[in-house]
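Participant: Structure, please.
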Amino acid sequence: MNPVLAPEPLIFVGLETTGANFANDRIIEIGFVEVDQNGVHEWSSLVNPDQPVSDFITVLTGINTAMVASAPSFEQLAPVVLEKLRGRLFIAHNARFDYTFLKREFKRLGIDFRAPNLCTVKLSRKLFPEHHRHSLDALMTRYNIEVANRHRALADAQVLWSLWQRWYTLLPAENIR
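Facilitator: Residues are numbered from 1 along each chain as shown. Purely as a prediction, here's the structure:
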């Protein structure tokens, strides 16, 4: 792995949830792209939220209640998720959303989760202030990044990794750091 692209272990995170309310909604899918000196590794899982998936979320993500009914619970996945996140810079688009959802899920299990994190929305605004739109869709269009299954956790994490690589071809590494 090019140490310029990954000067420290990174994890690009995508989550899908039953909604946007941190207190009541739950994670329904987790996707990670792990980048370190050993290369790039992907991992994803559906998550049983123990509540129905709304029609709105099903239309957006393609994930329905039947799909998650037999999936592992977050409690079952927590040891794997913690191990994958440990020692890595947590990178997400609108990181507050993903980070807070994971933090809340861990808190329900009595685990105090903390990780250094980076928001690609904020980084994009800082690196490219001349642009007004920094949504993931806007960045995909701007940098000609295509992915199948947009609004699926792993696909969105893959987009972030592609975006990260694109930025490193456009700007000096020290600007991004």
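
Participant: Do a quick rundown of the helices in this protein.
Facilitator: According to DSSP state H, the chain carries its helices in the segments 55-61, 65-69, 74-85, 95-108, 120-127, 136-142, 153-170, 173-176.

Participant: and the third one, what does it pack onto?
Facilitator: Spelled out, that is helix 74-85. Counting contacts by 3 or more Cβ pairs under 8 Å, 6 or more residues apart in numbering; DSSP states H and E, helix 74-85 is packed against strand 27-36, strand 39-46, helix 95-108. Placement of C-beta: from N, CA and C, glycine included.

Participant: Just name the most buried of these.
Facilitator: For those, ranked by mean neighbour count under the definition mean count of other Cβ atoms under 10 Å, the leader is strand 27-36 at a mean of 23.

Participant: gap between residue 69 and residue 28?
Facilitator: When distances are taken as Cβ to Cβ, to the nearest Å, residue 69 and residue 28 turn out to be 11 Å apart.

Participant: Please tell me I have it right and residue 52 contacts residue 66.
Facilitator: No - in terms of Cβ atoms under 8 Å, residue 52 does not count as a neighbour of residue 66; the distance is 10.1 Å.
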